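Peer 1: generate coordinates for the sequence data below:
(one chain, ligands or ions: 1)
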Amino acid sequence: MAGIYIHIPFCKQACHYCNFHFSTSLVLKEKMLDAICNEIVIRKNYLGDKDIETIYFGGGTPSVLEVQEIKRIIDTIENNYKTNTKEFTLEANPDDLTKEKLIELRSIGVNRLSIGVQSFFNADLKWMNRVHDAKQAITCIENALVAGFENLSVDLIYGTPNQSDDNWKYNIQKLVDYNIPHISCYALTVEPKTALQYMIEKDKTQAPDETIAAKHFEILVDMLRENNYEHYEISNFAKNKKYAMHNSSYWKGAYYSGIGPSAHSFNGFSRQWNASSNALYIQNMKDEIIPFEIEYLSEVQKANEKIMTSLRTMWGLNLEEFKDAFNENNLKQLLSEAKYDLQKENLKLENNILCMSAKAKFFADGIISDLFFTEETFVN
Ligand code: SF4
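Peer 2: Residues are numbered from 1 along each chain as shown. Sure thing, here's the model as predicted:
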């Protein structure tokens, strides 16, 4: 099993907190489509003869593309790869999803939408500089459900200044009421070189408060558990086992090919990432050269990656598998590092599976990085 990720590096406007790679000018859109289709062809042997089971359009904002433009990319994939597509996700912003477009998207095979709602309050959306408003968020969810998108994911952001507990509960409840099967929630973070960082430095807005974010995370986990969602990854919740197949395969170490500027690829022993420049990417692809950097993973990196991706999910880290892959000495070392967090009940060990406890999930990244090996502690 393998996946293809397509990065569409355009957005209508820049959200204040975002540091993904995108341009707000769509002038290069046509040339970018040519370049992306070229890369799909050039990369066709990267994943060996694996079947493509998941296709994910991310960005940026893939929904700025016309449906025929998305179809052109899909046709190129289908003409060059062995596809057995089970999940075809398109990230979308509410203002792009008209009733007609939703129907057309379904007709070309999109079977999952990941909608960037972020909040149902106009004040929050304005503060974030989102392009849509609360009414468009509601309309697009309703239209997507009517169009027959059963596999729907909605993103929310918490920890924004001035977000009250009640407003946060309202946002969550809204998704519960619509019976949205998959919900992704992210704590607001201040990324370098973003408008948000600049605004905080210039005292134009408040920095996010970690205590409030932790409280909102707790509210989130409790409300969604009470409504039968599984908290299957730190930021992701699913009902009726509607886990995100594409993202889950990242966490399980499956191979994927990333197409487009800034996209990442992984084939078990190396990681590649394309240049984060639209102009450079287009120019290079004209000459049939993919502008990427590559890193070959050492055994230490592979072990740390396994620890990180496994502990972020509810399936945890299978210690028997870890021992088979990285030897008994390293397993002992890992368990010795985990001792403190096991005693503190941040981690739990059941049936030889190491997992994050519910109460520690908000701080998972710090706890996980404490378990990482260094070149000195890892035994080859
Ligand atoms: S729409 Fe998404 S990718 Fe574009 S700026 Fe906003 S958060 Fe970033």
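
Peer 1: and R225, that's in a helix?
Peer 2: Yes: counting by DSSP: H, G, I helix; E, B strand; the rest coil, one finds R225 located in a helix.

Peer 1: ends of stretch 272-285, how far apart?
Peer 2: This stretch, stretch 272-285, spans 16 Å end to end (C-alpha to C-alpha, to the nearest Å).

Peer 1: my guess is F373 meets V300, correct?
Peer 2: Yes: counting by C-beta atoms under 8 Å, F373 does reach V300; the two are 5.1 Å apart. From N, CA and C alone the C-beta is placed, and that goes for glycine too.

Peer 1: what ranges does the stretch 251-380 of the chain have for its strands?
Peer 2: For the stretch 251-380 of the chain, the strands defined by DSSP state E, counting those that start in this stretch cover 255-259, 264-266, 270-274, 292-296, 317-318, 347-350, 353-356.

Peer 1: partner strands of the shortest one, with direction?
Peer 2: Sheet pairing here is set by DSSP bridges, and for strand 317-318 it gives strand 353-356 (antiparallel).

Peer 1: for N111, grab the count of nearby residues.
Peer 2: Look at N111: counted by other C-beta atoms under 10 Å, it has 17 neighbours.

Peer 1: tell me the pLDDT at it?
Peer 2: At N111, the model reports a pLDDT of 98.

Peer 1: the stretch 251-380 of the chain: helices as residue ranges?
Peer 2: Assigned by DSSP state H, counting those that start in this stretch, the stretch 251-380 of the chain shows helices spanning 278-286, 299-311, 319-326, 328-343, 364-370.

Peer 1: that older thread, neighbour-wise, which of F373 and V300 wins?
Peer 2: Regarding F373 and V300, a neighbour count based on other C-beta under 10 Å identifies F373 as having more, with 21 against 18.

Peer 1: what count of nearby residues applies to E293?
Peer 2: If you count neighbours by other C-beta under 10 Å, E293 ends up with 9.

Peer 1: on the three-state scheme, G116 is what?
Peer 2: Using three-state DSSP, the structure places G116 in strand.

Peer 1: okay, now the domains of this protein?
Peer 2: For the chain, automatic domain parsing gives the domain ranges 2-250, 300-370.

Peer 1: from one end of the last one to the other, what's the distance?
Peer 2: As for domain 300-370, its first-to-last residue distance stands at 14 Å under the measure C-alpha to C-alpha.

Peer 1: coming back round to it: export the strands of the stretch 251-380 of the chain as CSV, with columns for distance to the ligand.
Peer 2: What follows is these, written out as CSV (distance: least, C-beta to the nearest ligand atom, whole Å):
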stretch, distance to the ligand
strand 255-259, 16
strand 264-266, 16
strand 270-274, 16
strand 292-296, 21
strand 317-318, 31
strand 347-350, 32
strand 353-356, 27
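
Peer 1: so for the longest strand anywhere in the chain, what's the average pLDDT?
Peer 2: As assigned by DSSP state E, the longest strand anywhere in the chain is strand 83-92. Strand 83-92 shows a mean pLDDT of 97.

Peer 1: renumber starting at 306 from here on
Peer 2: In the new count, where the first residue is 306, that last one comes out as strand 388-397.

Peer 1: phi, psi of the residue of the stretch 556-685 of the chain found nearest the ligand?
Peer 2: In the stretch 556-685 of the chain, the residue found nearest to the ligand is S567; the distance is 11.0 Å by C-beta to the nearest ligand atom. S567 adopts backbone torsions of phi 70, psi 0, taken as degrees, to the nearest 10.

Peer 1: quick one, phi psi at N572?
Peer 2: Backbone torsions of N572, given as degrees, to the nearest 10, read phi -130, psi 40.
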